[in-house]
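Colleague: next come a sequence and a model predicted from it.
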Amino acid sequence: MARPPRKTPDKLDTFLGGLMRKIEATYPDESHLIWQAWPGAVGPEIAARTELQHFRDGQLIVAVSSAPWAQQLTLMAPQLLAALNEKIGKELVTSLRCRLATVTAPPPPPVELPDWTDEELEEVVAHEAHELTADVKDPTIGDAIERARLMALKRRQYLRRQEDE
């Protein structure tokens, strides 16, 4: 029995071209562009309080966290749609409908506090903090209280220095 002839492999550009056509067929309406453009078009505050849920026939369904937000976004719809379509580069979205739902907001950014831990305390002040805990019987508790007192004193000293500057 004769072996069938080997098929020559496709060139990479032929393979990738076919793959891209399949991907575009999956998103014939280019709705994926809406999800990509939404945060940049509406800004971080609105993006954090909304989730895109569905897009069909030009209508975008957006989940919002509260009724006041739904009302506000409904009033802002013309501006939001203009910004969104501009970001996409074509007019895909023609209407916006808000729906109340639980929206998972991203965590807020960490707050940066001034670093007063590097403050050098005068020796007299540090000694006073140590003497405050001298009568504490448990050394672990005494050390914890002393560290807390030293941090409070460093913070106060740092804040006073900031006021003077």
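Modeller: Received it, and whenever you're ready, just let me know what you need.
Colleague: okay, CA-based contacts and neighbour counts for the rest of this
Modeller: Noted.
Colleague: got the contact list for R149?
Modeller: With contact set as Cα atoms under 8 Å, 6 or more residues apart in numbering, R149 has these partners: A129.
Colleague: got the phi and psi for it?
Modeller: Backbone geometry at R149, expressed as degrees, to the nearest 10, gives phi -70, psi -40.
Colleague: gap between it and Q162?
Modeller: 20 Å (Cα to Cα, to the nearest Å).
Colleague: if you count neighbours, what's buried in stretch 51-59?
Modeller: E51, L52, F55 (16 or more other Cα atoms under 10 Å).
Colleague: for this protein, just list every one of the strands.
Modeller: 50-56, 59-64, 95-100 (DSSP state E).
Colleague: okay, helices next: where are they in this protein?
Modeller: Secondary structure of the chain (DSSP state H): helices at 12-26, 32-42, 44-48, 67-88, 123-132, 139-164.
Colleague: in TSV: those helices, plus distance to I61 and mean pLDDT.
Modeller: Shown next, in TSV, are these (distance: least, Cα to Cα, whole Å; pLDDT from 0 to 100):
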stretch	distance to I61	mean pLDDT
helix 12-26	20	62
helix 32-42	11	90
helix 44-48	14	87
helix 67-88	11	93
helix 123-132	61	78
helix 139-164	49	82
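Colleague: nearest to C98, out of those?
Modeller: The closest of the helices of the chain to C98 is helix 67-88. By Cα to Cα, the value is 5.5 Å.
Colleague: buried sites along the closest one?
Modeller: W69, A70, L73, A77, L80, L81, A82, A83, L84, N85, K87, I88.
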